[in-house]
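Chemist: quick one: sequence and predicted model below, then my questions.
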Amino acid sequence: MKSCMKCYAENDEHQAICRECGSKEFTTKKESLVPCPHCGEDNQSGDKECYSCHHSL
Ligand SMILES: [Zn+2]
Ligand SMILES: [Zn+2]
C-alpha cells in the first residue's frame, strides 16, 4: 500500500496514479504506523505513548 500525497487515499503499489484524484505523487513511507487503541491516531512504531491523547501504546 502507498498513500496519495494529495488526498491520502490508499493505493496499491502497482498503481501509477491515484485511483481517487489522479495524482502521481505518493508517500512511500517505510516505517510502520501504530494506531492508538484509545483515539485511533497513527503513531510511529516505537513510541511509548500516543502523541494525541497520551494513552500508552
Ligand atoms: Zn489522491
Ligand atoms: Zn491516542
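Modeler: Good, I have the coordinates. Not measured: the values here are computed from a predicted model. Ligands and ions are numbered 1, 2, ... in the order given.

Chemist: hang on, I17 packs against F26?
Modeler: No. With contact defined as C-beta atoms under 8 Å, I17 does not count as touching F26 (9.3 Å). In this view, the C-beta of every residue, glycine as well, is placed from N, C-alpha and C.

Chemist: who's more crowded, the two?
Modeler: Ranked by neighbour count (other C-beta atoms under 10 Å), I17 and F26 place F26 first, with 20 against 13.

Chemist: do you know how far the closest residue to that one other than its chain neighbours is from H38?
Modeler: Nearest residue to F26 in three dimensions, chain neighbours excluded: K2, at 4.4 Å (C-beta to C-beta, 6 or more residues apart in numbering). Remark: distance between K2 and H38 (C-beta to C-beta, to the nearest Å) = 27 Å.

Chemist: pLDDT below threshold where in the protein?
Modeler: The chain contains residues with pLDDT under 70 at 29-31.

Chemist: ok, Y51 touching N43?
Modeler: Yes. Counting by C-beta under 8 Å, Y51 does reach N43; the two are 5.9 Å apart.

Chemist: higher neighbour count, the two?
Modeler: Neighbours per residue (other C-beta under 10 Å) separate Y51 from N43, with N43 holding more: 18 against 13.

Chemist: tell me the contacts of K2?
Modeler: When contacts are counted by C-beta atoms under 8 Å, 6 or more residues apart in numbering, K2 touches 10-13, 26-28.

Chemist: ok, now P35?
Modeler: 41-43.

Chemist: what's the closest of those to ligand 2?
Modeler: E41 (4.9 Å; C-beta to the ion).

Chemist: quick one, what contacts the closest one?
Modeler: Per C-beta under 8 Å, 6+ apart, neighbours of E41: 35, 50-53.

Chemist: can I get the residues you listed in CSV with distance to ligand 2 and secondary structure?
Modeler: Output for the contacts of E41, formatted as CSV (distance: C-beta to the ion, whole Å; DSSP: H, G, I helix; E, B strand; the rest coil):
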residue, distance to ligand 2, secondary structure
P35, 9, strand
C50, 3, coil
Y51, 8, coil
S52, 4, coil
C53, 3, coil
